[in-house]
Structures are given as C-alpha cells and as structure tokens.
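Peer 1: Next one to model:
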Amino acid sequence: MPFQPADLVTILVLVVLEGLLSGDNALILAVIVQPLPPDQQRKALHYGMVGAFALRIMATLLAVELSRRSWIGLVGGLYLLYLPYKHFTQHPNQEDEKAPPARGFLGLSLFWIIVLKADWLDLVFAVDSILAAVALTSNTWVIIIAGLIGIAMMRLLTLHVLRLITRYPRLIDGAYVVVAWIGVKLIWKYVHRELHWIPWELPEAVSIGVVIALFIGSFLYARAHARSAPEEALEVERLHRGTQEPSDEHEAA
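Peer 2: Next comes the predicted model:
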C-alpha cells in the first residue's frame, strides 16, 4: 500500500501508543546497561538501537506468527524476575566481582552481551505494541516507521533514567522492584491466556498505575538516601553526554 499524507496522523497515534505500551522499557534498559562503565552505557544504547530497528522490522513483518508464540512473553517474564533476584541476593562483598570479564558467553565481551540482551527484551515488548498497531492500520510501512521512532524515543528516555540513577544511586533498588513487577505482568498474561489458571486479565491501566506508584516510591526512597557527591556526578554526566572535557585535576596538572 503506498504511503499517503493521512498516514502521518496514524504514525503520530502509533508513536503515542508505543510510549504508553512500553514506557517502562526505558527503566528496564537502564537496569540492563547498569553493569557497564558510564561511557559505555551510552554507546551500548546507540549500538543496540541498530539491532532493535532490524528486529522491529522483522517482528512487524512476522506479527501474526509472533502472536502465536506466547512463550516469548513467558521467557521474558522469567528473565525479568531473575534480574531482581540476582540483584537483591548478591552479598555486599561481591561488589568487587562485578567488573566486566574480558570474554563472556560465546566469546562475546560484556558490552556486546548487554547490547544483545537489550535487543532481545525490545523484541519481547514489541509484540504487544505491534499487534495493537496492526489493529489500527494495515499499512506495514506505517507500523514500521512508528515503531522505529518509538525505539529512538525510548533510548533517549533511557539516558535520562541513567542520569537519575547517577544522581540517586538507591534508585536502582527501586528500579529492580519495577522490573520484577513487569516480569510478573508478562507471566500473568501467559498464565491467563494460555493456561487459564487466572480467570481475569490484568488491565493495562492497573499495570501502568502500579509502575508509576512504584517509581514514585522508589524516587522518594532514593532521594531520602541520596549522598552528596557533586564532582563525581558531574564527571559521570560528562561521560553520559559523550564529552571529553577534562576534570579540574587534569587541568591543574
């Protein structure tokens, strides 16, 4: 179907819909890239965006087939539950062991493993937004364009979330609580639709409301436990922005 001027309105609607259905993805991406140094976090998000674009196009073309693979959401939910379990069960004396290994799974560095994780989770969350888009328009290219714009906006939002975590380190604990809730939501959907063990589906409004409440509570908790480290925060902020401005110590040297 050829692209028409009226499709611009549809794209705008789909971009807003993308934000509503996957607005919590930014928080999850911030958690995923957290083990990397600040200068690599931004780079991982940018590299991952390329893979996310390719996966989103393929997912759109295979939307009907993906809708039959409900186990994708189940696996994604279980993985999201594993992340907070690992975070909260890790002992304080293990913090020094979090340094990125030289080589990881299949010989990949931690950087590329995290890029792949971010792309895979985007595919998990893309299923719902793509199916919702298919219900609004049959123009495949309109769906693809709206999805790509949504991915770019989500990556930019993730950078803002990372800056918040830099300023309020305890926010990462609350972020993992939100991640656990998203995992529960994905598993709930699978159990309801496929196993029929739960008679009612979790309303999207309730899900979003819980995420907002958890995020506000997490922010208040993190703000109450914030430690003042202005120089360190400024240095990390420079790295997030990709600037190479020398610190005061280097200038003095």
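Peer 1: distance of residue 166 from residue 26?
Peer 2: Taking C-beta to C-beta, to the nearest Å as the measure, residue 166 falls 15 Å from residue 26. The C-beta positions use only the backbone N, C-alpha and C, and glycine is treated the same way.
Peer 1: Repeat that for residue 60.
Peer 2: Distance from residue 60 to residue 26, by C-beta to C-beta: 21 Å.
Peer 1: Over to residue 176?
Peer 2: From residue 176 to residue 26 the distance is 15 Å (C-beta to C-beta).
Peer 1: Same question for residue 141.
Peer 2: Residue 141 is 25 Å from residue 26, by C-beta to C-beta.
Peer 1: Same drill for those two, tell me which one is more crowded.
Peer 2: Between residue 141 and residue 26, counted using other C-beta atoms under 10 Å, the more crowded position is residue 26 (21 against 15).
Peer 1: And the pLDDT for the more buried one?
Peer 2: pLDDT for residue 26: 77.
Peer 1: what's the distance between it and residue 85?
Peer 2: Residue 26 is 22 Å from residue 85, by C-beta to C-beta.
Peer 1: dump the residue contacts of residue 197.
Peer 2: Going by C-beta atoms under 8 Å, 6 or more residues apart in numbering, residue 197 touches residue 191.
Peer 1: On the three-state scheme, it is what?
Peer 2: Under DSSP: H, G, I helix; E, B strand; the rest coil, residue 197 falls in the coil class.
Peer 1: per-residue confidence at residue 86?
Peer 2: Predicted confidence (pLDDT) for residue 86: 86.
Peer 1: What is the helix or strand containing it packed up against?
Peer 2: Element membership for residue 86 (DSSP states H and E) is helix 71-89. Helix 71-89 sits against helix 110-136, helix 171-190, with contacts defined as 3 or more C-beta pairs under 8 Å, 6 or more residues apart in numbering; DSSP states H and E.
Peer 1: Show me which residues of it are buried.
Peer 2: 72-74, 76-77, 79-81, 83-84, 87 (16 or more other C-beta atoms under 10 Å).
Peer 1: Residue 25 is in contact with residue 125, correct?
Peer 2: Yes - counting by C-beta atoms under 8 Å, residue 125 does reach residue 25; the two are 5.3 Å apart.
Peer 1: higher neighbour count, these two?
Peer 2: Legend: neighbour count by other C-beta under 10 Å for residue 125 and residue 25, higher for residue 25 (26 against 20).
Peer 1: can you pull the contacts of the more buried one?
Peer 2: Residues counted as contacts of residue 25 (C-beta under 8 Å, 6+ apart) are 121-122, 125, 154.
Peer 1: Hmm, which of those residues is lowest in pLDDT?
Peer 2: residue 125 (74).
Peer 1: any weak-confidence spans in the protein?
Peer 2: 1-3, 17, 19-24, 64-68, 91-106, 128, 132, 135-136, 227-253 (pLDDT under 70).
Peer 1: What number of residues are in the vicinity of residue 151?
Peer 2: So residue 151, with other C-beta under 10 Å, has 22 neighbours.
Peer 1: Could you check the angle the helix or strand hosting it makes with helix 171-190?
Peer 2: Per DSSP H and E: residue 151 is located in helix 140-167. If you take axes from the mean of the first three to the mean of the last three C-alpha atoms, to 10 degrees, helix 140-167 sits at 150 degrees to helix 171-190.
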